[in-house]
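In: predicted model follows, preceded by the sequence.
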Amino acid sequence: MKTKKLLVVQVAALGYDFLATNADPVCDDLAFEPMDTIFPALTCPVQASFRTALPPGAHGMTANGIWDERYARVRFWEQASGLVEGDRIWKNWRQAGGTTALLFWQQILGESVDMVLSPAPIHKHHGGMIQDCYGQPPDLYNRLCHNLGRPFQLARYWGPLASPASSQWIAEATCRVLAGGADAPGLCLTYLPALDYDLQRYGTRDPRSLKALNAAMAQLTLLRQAARANGYEMVVFGDYAIGDCAAGAVLPNRLLREAGLFEVREVRGRAYPDFYRSRAVALVDHEVAHVHVRDSADIERTVAALKGHPGIGRILQGEALAAIGLAHPRAGQLVLEATAGYWFAYPWWEKPREAPNYAGHVDIHNKPGYDPCELFWGWPPGTVGQNPSRIRGSHGRIGSTRRAAWASTCLERKPTTLLDLANEVRKWLGKE
């Protein structure tokens, strides 16, 4: 195999229309063009689809979270690579002797590659946590911290303090990896998360979102310079486009509770979910919700509880899920798509005092749904927000106004979809 190097950069929320409207869609020698992404347009499904060139129904990451029927619980942001089914697009590349690095992508722990870096804090028994990153080789993270002069700050990666500083550290660390000489990987996939934060907080028209876009483009320029200096070609793509959602949030679990399908357990006045008795549970994820119905006899009753409610658009099931490449045992028996301007929030309670203790904290593992309110401070001080009306941007839907942006310095054929892009990268890696 002829020696070649490729840097792949996935930029969260880099939508083509947002980019073209607010900035020059050219960054250095990277000229951005639009492409259709996959449904649901969510981080984990998109990244898994790129890694495998398969739709979610084939690779199994149907959302950012998974309903585990055996344990009767929702598990969000699990990182084991075995959750992603299917051959990787770099399989032949590695078999031919090429080396591969995965930096800050989702579901990469245990992946059969040469270099891995992912946030992996240690939660202390009596509260608090030790900030750390999982690295392979084991000394990778410590070496990068030493070279950069600072550690990765998890608080800048998610929560009320989340900011472009997280992407800046990742970009600088990636530059160091590319400059690693004989230890540098031939294929490096990295992730810039921060543009997504202010777009969710403020929507697509707020000056703070435009500032975040400028920061992302500056980080791409830094990476392009490092790639050129170290002999790398480059592919950049966005996973989804943010849509404005000023109409507000829909709460499917509250609707299911009102219909007697979602059960709670009261503990000291707080309403905790009782997944063992619940007949239907909605795993909410931005503009998409997977509704898991225990008994098929309850499907019609569940549809009746949800259908026609403002903000709930399509209710997909059966053959409709197969037709869009989303039929998989991990998918809900029903999949909801929000109508334009709305998104799905996880709460099931009516009164604030009923909220579980974790509702006011950054807790991405206990909440049975993605919670963008964690991007805001709440009250009392030290807590996070619990007001869904503050959220101004969301994603998950696809369509002509929700195209993602992509650019390349090396691909011969222009892809029109995310799966096309993945296949073009696989072909490029396999060429002599």
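Out: Received the coordinates, thanks.
In: which parts of the stretch 201-350 of the chain are helices?
Out: Ranges of helices in the stretch 201-350 of the chain, per DSSP state H, counting those that start in this stretch, are 207-229, 252-258, 299-306, 319-323.
In: so which of the ones you listed is the most packed in?
Out: Mean neighbour count (mean count of other Cβ atoms under 10 Å) peaks for helix 252-258 among these, with a mean of 22. C-beta here means a position set from N, CA and C on the backbone, and glycine is covered the same way.
In: export it as CSV, just CAs?
Out: Extracted C-alpha coordinates of helix 252-258, given in CSV (Å, rounded to 0.1, in the frame of the first residue of the first chain):
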residue,chain,number,x,y,z
PRO,A,252,-44.0,12.2,26.0
ASN,A,253,-43.5,10.6,29.4
ARG,A,254,-45.9,12.9,31.1
LEU,A,255,-48.5,12.0,28.4
LEU,A,256,-47.8,8.3,29.0
ARG,A,257,-48.2,8.8,32.8
GLU,A,258,-51.5,10.6,32.3
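In: follow-up on the earlier one: between the helices of the stretch 201-350 of the chain, which gets nearest to residue 124?
Out: Of all these, helix 252-258 sits nearest to residue 124, with 30.7 Å by Cβ to Cβ.
In: the closest one: how far from the chain's middle?
Out: With Cα atoms, centre = their mean, to the nearest Å as the basis, helix 252-258 stands 25 Å off its chain's centre.
In: what mean pLDDT does that helix get?
Out: Helix 252-258 shows a mean pLDDT of 98.
In: also stretch 307-317?
Out: The model assigns stretch 307-317 a mean pLDDT of 97.
In: just the buried residues of it, please?
Out: 311, 312, 315, 316, 317 (16 or more other Cβ atoms under 10 Å).
In: before we move on, what about stretch 398-416?
Out: So for stretch 398-416, counting by 16+ other Cβ under 10 Å, buried means 398, 402, 403, 404, 405, 406, 407, 408, 409, 411, 415.
In: go on, stretch 334-348?
Out: 334, 335, 336, 337, 338, 342, 343, 344, 345, 346, 347, 348.
In: adding distance to residue 187 and pLDDT, write these out as TSV.
Out: Output for the buried residues of stretch 334-348, formatted as TSV (distance: Cβ to Cβ, whole Å; pLDDT from 0 to 100):
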residue	distance to residue 187	pLDDT
334	39	98
335	33	98
336	37	98
337	34	98
338	36	98
342	39	98
343	35	98
344	36	98
345	38	98
346	37	98
347	42	98
348	44	98
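In: of all these, which comes closest to residue 196?
Out: Distance to residue 196 across these (Cβ to Cβ) is lowest for residue 343, with 13.7 Å.
In: give the bridge partners for the closest one, please.
Out: As for beta bridges, residue 343 partners with residue 249 under DSSP bridges.
In: what sits against it?
Out: Counting by Cβ atoms under 8 Å, 6 or more residues apart in numbering, residue 343 makes contact with 245, 249, 250, 286, 287, 372, 388, 391, 394, 396.
In: to residue 36, which of the helices of the stretch 201-350 of the chain lies closest?
Out: Residue 36 lies closest to helix 319-323 among the helices of the stretch 201-350 of the chain, at 15.9 Å (Cβ to Cβ).
In: please tell me how far the spatially closest residue to residue 252 that is not a sequence neighbour sits from residue 325.
Out: The shortest distance from residue 252 to any non-neighbouring residue, by Cβ to Cβ, 6 or more residues apart in numbering, is to residue 282 (3.7 Å). According to Cβ to Cβ, to the nearest Å, residue 282 and residue 325 sit 21 Å apart.
In: which one's more surrounded, the two?
Out: Shown here are residue 282 and residue 325; by other Cβ atoms under 10 Å, residue 282 has more neighbours (32 against 18).
In: quick check: that one touching residue 347?
Out: No. With contacts counted by Cβ atoms under 8 Å, residue 282 stays clear of residue 347, the gap being 10.7 Å.
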